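Asks: Everything below, folded, please.
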Amino acid sequence: MTDQPDLRHGESRSVDNSSSVVVDLSEYKQSKDPLPVTFHRRELDAILWIYGRMVGEGEWRDYAIDHLKDRAVFSVFKRSGEMPLFRIEKNPKLAAKQGAYSVINTNGMILKRGHELNQVLKVFDKVLKLVDK
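Replies: Here you go, the predicted model:
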């Protein structure tokens, strides 16, 4: 004999329905922890082409890539222990407004912003150098 009531004879018991729900783990994880914003392959190719040219000219020496919840950031450094000289940012929330891409200097000033990364990266075609006072 079991301690379970016999439901065939009209006895009732409460059932916890919360454990019977099937949840797709990938959907649940995305709803709780959305994927970070990343650079796509072609975007990284364009950025790394500029980076390689500037390293060849002796202007840049190191870089970092951050994939955050709201934006992706490619930071370039003269020396690895310093503040970044420039940040190339991709912010999809601004895509319909000023443009998703921007280049920002050490002081936080936006040097160029736009909808197309290649156009924004043209800011590096000019000679940009850090001026020490």
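Asks: pLDDT weak spots in this protein?
Replies: Low-confidence segments of the chain, defined by pLDDT under 70: 1-19, 28-32, 80, 127-133.
Asks: Strands of that one, residue ranges please.
Replies: Ranges of strands within the chain are 62-67, 72-77, 86-90, 101-105, 110-114, based on DSSP state E.
Asks: contacts for the third one?
Replies: Around strand 86-90, the neighbours that count as contacts under CB atoms under 8 Å, 6 or more residues apart in numbering are 37, 39, 43, 47, 71-76, 100-106, 111, 117, 120-121, 128. Where C-beta positions appear, they are placed from N, C-alpha and C, glycine not excepted.
Asks: Quick check on those: which are buried?
Replies: Buried residues within those, counting neighbours by 16 or more other CB atoms under 10 Å: 37, 39, 43, 47, 71-76, 100-104, 117, 120-121.
Asks: who's the nearest residue to Ile104 once chain neighbours are set aside bridged to?
Replies: Among residues not flanking Ile104 along the chain, Arg87 sits closest, at 4.5 Å (CB to CB, 6 or more residues apart in numbering). Going by DSSP bridges, Arg87 is paired in beta bridges with Ser75, Ile104.
Asks: Tell me how many other residues crowd Arg87.
Replies: 20 (other CB atoms under 10 Å).
Asks: cool, the one 4 residues further on as well?
Replies: For Asn91, the neighbour count with other CB under 10 Å is 19.
Asks: Quick check: it vs Met109, distance?
Replies: 16 Å (CB to CB, to the nearest Å).
Asks: dump the residue contacts of Leu94.
Replies: By CB under 8 Å, 6+ apart, Leu94 lies in contact with 100, 102, 113.
Asks: quick check, nearest of those residues to Asp66?
Replies: Nearest to Asp66 among the contacts of Leu94: Ser102, at 14.5 Å, using CB to CB.
Asks: Look up how far Glu57 lies from the closest one.
Replies: From Ser102 across to Glu57, the span is 23 Å (CB to CB).
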